[in-house]
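Asks: What would the 3D arrangement of this be:
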Amino acid sequence: MYYLCDLHSKQPGRNVRYDNFMRSYQVTFCGYTVFPDRDNFVSRFSFRDENSIELSDALGIIFVELTKLSEVIKKPVSDMTGEEAWASFFAYASDPDYRDLISKLITERKEIKMAEEMLHTISKDEIERARFRSRHMFQMDLQDGLLTARGEGLAEGLAIGRAEGRTAVAKSMLNEGIPTEMIIKVTGLTHREVEQIRSQT
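Replies: Sure, this is the predicted structure:
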């Protein structure tokens, strides 16, 4: 709910009425079962009152349970809905036992083929993978720096956010055993700074 509200509230709001904001949805792909009593792999939620009257249709939360696809993947790919095809791709793209299924999905759906190519590019390039994984972490740290800027001046706050973001990325990369040279290239930190972070982890 935090990320959904954060996403919705970050829309350009100057001279725009709140009821004219675009709809926002938080979609969570789960590799575990969240709702054992529900058969459907997609569960949709909205904000409602105690009488089930919807507060607004502008916000929605969607859970996609990738553990509930055993019946879906028995269907011919041509009969799958868009939701079923995408969920199957997310669930089995990296599983060698389902290579035939993924191959059929890629052949029949060009949007999934594009996603597979991007996934392949990211997974084969260590530097790009580290950047991709840490981008959100960096943005959150930068935002914390902006909040800090209220008390310390904008330039100092931005500097704090950027520095904390680079440190967090470096820690993450060190934990994964990525070589120091790659960490320096991705973060812009010096060799000494990386080694100092290594000694603290």
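
Asks: From I61, how far out is the residue located most distally from the centre of the chain?
Replies: Using Cα atoms, centre = their mean, the residue of the chain lying farthest from its centre is N51. It sits 33.2 Å away. Shown here: N51 relative to I61, a distance of 20 Å by Cβ to Cβ, to the nearest Å. From N, CA and C alone the C-beta is placed, and that goes for glycine too.

Asks: Over to F89?
Replies: According to Cβ to Cβ, F89 and I61 sit 22 Å apart.

Asks: can you check D19 too?
Replies: D19 sits 20 Å away from I61, taking Cβ to Cβ as the criterion.

Asks: So those two - more neighbours on which side?
Replies: I61 (17 against 7; other Cβ atoms under 10 Å).

Asks: backbone phi and psi for the more buried one, please?
Replies: Dihedral angles of I61 (phi, psi; degrees, to the nearest 10) stand at phi -120, psi 130.

Asks: what's near enough to touch it?
Replies: Going by Cβ atoms under 8 Å, 6 or more residues apart in numbering, I61 touches 1, 4, 25-26, 28, 44-46.

Asks: Which member of those residues is positioned nearest P76?
Replies: Distance to P76, by Cβ to Cβ, is smallest for R44 among the contacts of I61, at 25.9 Å.

Asks: so the closest one sits right up against L59, yeah?
Replies: No. Judged on Cβ atoms under 8 Å, R44 makes no contact with L59 at a distance of 11.4 Å.
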